[in-house]
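*Asks:* I'd like to go over a predicted model; first the sequence, then the structure.
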Amino acid sequence: MPDSPASASRSRKFRGMVHINWDRCKGCGFCIEFCPPKVLAFSESYNSHGYHPPYLTNEQGCTGCDLCGLYCPDFAIFGMRVPMETSEAEVAVREG
Amino acid sequence: MKANPAGVLTGAHFLDGDQACCEGALAAGADFAAGYPITPSTEVVERFAARVPTVGGLFIQLEDELASSIAILGAAWAGKKVFTVTSGPGFSLMMEHIGLAAMTETPCVFVDVQRGGPSTGLPTLPGQADMMQARWGSHGDYAIIALCPNSPQECFDLMIDAFNLAEQYRVPVLFMMDECVGHMTEKVVIPSADAIEIYPRRFTSLPPAEYKPFKPSPDGVPEMVKAGDGYRFHITGLTHDEQGYPAMTWRAQEKLVRRLVEKVRKNADKIVRAEECDLEDAEVVVLAYGITSRVALRALQMARAEDIRAGLLRPIVVWPFPEKRLRELAERVKAFVVVEMNYGQMVYEVERCAGGKTKTVLVEHGGGTVHDPEQVLTVIREAAR
Amino acid sequence: MSTAPAVQAAINPVEPFLRSDRMPHIWCPGCGIGTTVNCFSRALVDSKLDLDKVAIVSGIGCTGRVAGYLRLDSFHTTHGRAIPFATGLKLANPELTVVVYSGDGDLIAIGGNHFIHAARRNIDLKIICVNNFIYGMTGGQVAPTTPVGATATTTPYGCFERPFNLPFLAESSGAVYVARWTAFHVRHIARSMVEAFNKKGFSFIEIISPCPTLYQRRNKLGDGLDTMKLYKQKSVIKNGANTRDVDIAFGGEIIVGKFVDIERPTLHQTMDQQFRQVLKDRYAGLGGRG
């Protein structure tokens, strides 16, 4: 892939992604409130403890800044930057 | 292993019990002590503060006995051989950390130079009324080992044993001196380092992945590690599992606390030590410890001069108590006479061992000075009848 | 792209620092303690410390549970005595970075005497104090940090005692590094922690944090999230502020920032220097004989 001046910028080469550890979430809402691009929201469904974990409302909008990860008091979410073409399936998340 | 010669002041000296206790600690390899001044124990740490920078290690005077008694535990988990020294009121303040040391199986020595109590009591005068506090003073169930020297020489010798027992069984060892023994000056012979046997810390040889901090060896005692070696271990005063993690269940409690108690109880025969004098034909057995045993010995000589068949049993290790020997004696003697500087503490142990088979008489004393041998002799005479 | 990209391995940045087998933790929804632990983990990464040489000591209480959740040499001690335990640990092995992580009740009420003396000595400890203005673990009793007017179970008609101003207490006792943030200030907290790790001496970081179950609920301040939003609104960053002026009033503004960053010889240095000077070649060092 040729590097044009535009694609050299971070925003074009990488995209953001969040990973949510569904059952660790206690639904405090910190990640949703403090997400800079506002791309998280409470999901409708419940986790095994009866809380509504967040979900990503707009995949393109996530910058992978990991502020959600820094705020989450339950270690249940984190953000990361992956190369633009990476799909969810290609990311192996190690839990625990 | 043999003692490190750096701390061993080999030779014949004229020392008081406090000073000899300090030399015992140094010979045993103590390289960390914390303390708070309190009469009549302070001379131990004063000497340690002067000596330890010249042999390697450190002393720090902290803001109170609470701090001193836990700072030594922190230092022990960094690999040091540790002790603290106190008396009466300070001993009361240290109770919580005797419990923490028992719960976390931290090798350490607590010296209590007993004075008259309760409360501020008689700061400069002797007592022997902390004997039950030594055994039971911290809340909850646990076991400790306690030694009771009756001379400056024993303050030296037994201090080495105290450290060795602390390392072998990973329990707090209580060194129960009294003001008389602490301030009495006598000849103390310190042997050469190669004549002093040291029980080394039971460090594990397992790699971090296989190591569990509270998994017991066959004798009930787990192997230890120290901070900074990559084990990333966890220590807590909460009831915990073998990994050291909190476990808030009755099963975990049963498993852990039973082991804490049994590692002393089941090894009691190996730990118990007592001096016997004229017991072969004795009809009356006098039980005394610490300074009181020396008064009792005089009374014994006076009794023998009157042809009373009296003997002395002096527990050197007071906890665990020499139960087995007392039960044997209870089968054949007329009486136990317990001489102690309190209104009845170890006498209850003797009574329990006597099991109603023989009578038990207490020669009590409130502390502040020692018994009069005549007072003891009178009771021996009565008991022999 | 002609070839498929390699599978990306990803892990929550806090995860390598956690005892994951102990998750989930006991902290309530909306409690800020876990947030501070994230900051701590980022600070450990940024400071590039050898983690085998980092030890963490906690006392008793909600924040006292932090030690038990971190994959470091970790010590959960007795109530109020984390600092003297850490003092023994640090003096015995000066190579360790020793962090004391505990709550306001533990460090400042029952442990207050140790706090001022450790600061006076300038022993090289990093004190992280999560201040939620109340006793959480025991169910919401008044603390030495509870603002006048706030209620607690043992001051049901409102607290009538003047609370400690922790940065002022730390500075006047001798701390060489003093900062205060709220749980909202995650990046500032992480940065302050790195600075404290790099500092030699008694370093103190106060983190104001929500206790939604007890302090916030009892005082009708909403939940954890409402509190975090309030922190954002009511905090004023004043680096270098005089610690005398950073008291916290009930419902008032919260002055945050780095207040103190000075140099002073540590206890270990002064001790070593004194012996060296006086004992000369008789000095055998503080290292022990083990």
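*Replies:* On my side now, so go ahead.
*Asks:* how near is whatever residue of the stretch 251-385 of chain B ends up closest to chain A to residue B:121?
*Replies:* Closest residue of the stretch 251-385 of chain B to chain A, C-beta to the nearest C-beta: residue B:252 (22.3 Å). The way it works is simple: take the backbone N, C-alpha and C, and place the C-beta from them, glycine included. According to C-beta to C-beta, to the nearest Å, residue B:252 and residue B:121 sit 40 Å apart.
*Asks:* any idea what the most centrally placed residue in chain A is bridged to?
*Replies:* Note on chain A: the residue nearest the mean C-alpha position is residue A:18, at 1.8 Å, using C-alpha atoms, centre = their mean. Residue A:18 forms beta bridges with residue A:79, as assigned by DSSP bridges.
*Asks:* against residue A:88, how distant is it?
*Replies:* 10 Å.
*Asks:* and what of residue C:140?
*Replies:* Counting by C-beta to C-beta - residue C:140 and residue A:88 are separated by 43 Å.
*Asks:* quick one: name the residues of the stretch 101-250 of chain C near chain A.
*Replies:* By C-beta under 8 Å from any C-beta of the partner chain, the residues of the stretch 101-250 of chain C that approach chain A are C:184, C:186, C:187, C:190, C:223, C:224, C:225, C:228, C:229.
*Asks:* rerun that using 7 Å as the cut-off
*Replies:* Applying C-beta under 7 Å from any C-beta of the partner chain, we find that the stretch 101-250 of chain C lies next to chain A at C:186, C:224, C:225, C:228, C:229.
*Asks:* what's the neighbour count on the third one?
*Replies:* Read that as residue C:225. Residues contacting residue C:225 under the criterion other C-beta atoms under 10 Å in any protein chain shown number 19.
*Asks:* and chain B, what are its domains?
*Replies:* Annotated domains of chain B cover B:5-195, B:275-384 [automatic domain parsing].
*Asks:* please list which of the residues of the stretch 101-250 of chain C next to chain A are also close to chain B.
*Replies:* Among these, chain B is touched by none when using C-beta under 7 Å from any C-beta.
*Asks:* which of the domains of chain B sits closest to residue C:32?
*Replies:* For those, the distance to residue C:32 is smallest for domain B:5-195, at 27.8 Å, taking C-beta to C-beta.
*Asks:* any residue of the closest one touching chain C?
*Replies:* Yes. Domain B:5-195 reaches chain C (C-beta under 7 Å from any C-beta) through B:6-7, B:29, B:31-32, B:34, B:53-58, B:60, B:62-64, B:66-67, B:70-75, B:77-81, B:96-97, B:100.
*Asks:* so who does the residue nearest to the centre of chain A touch?
*Replies:* When contacts are counted by C-beta atoms under 7 Å, 6 or more residues apart in numbering or on different chains, residue A:18 is found next to A:56, A:62, A:68, A:77, A:78, A:79.
*Asks:* for these, which one is nearest chain C?
*Replies:* Using C-beta to the nearest C-beta, the contacts of residue A:18 come closest to chain C at residue A:78, 4.2 Å.
*Asks:* quick check: the gap between that closest one and chain B.
*Replies:* 22 Å (C-beta to the nearest C-beta, to the nearest Å).
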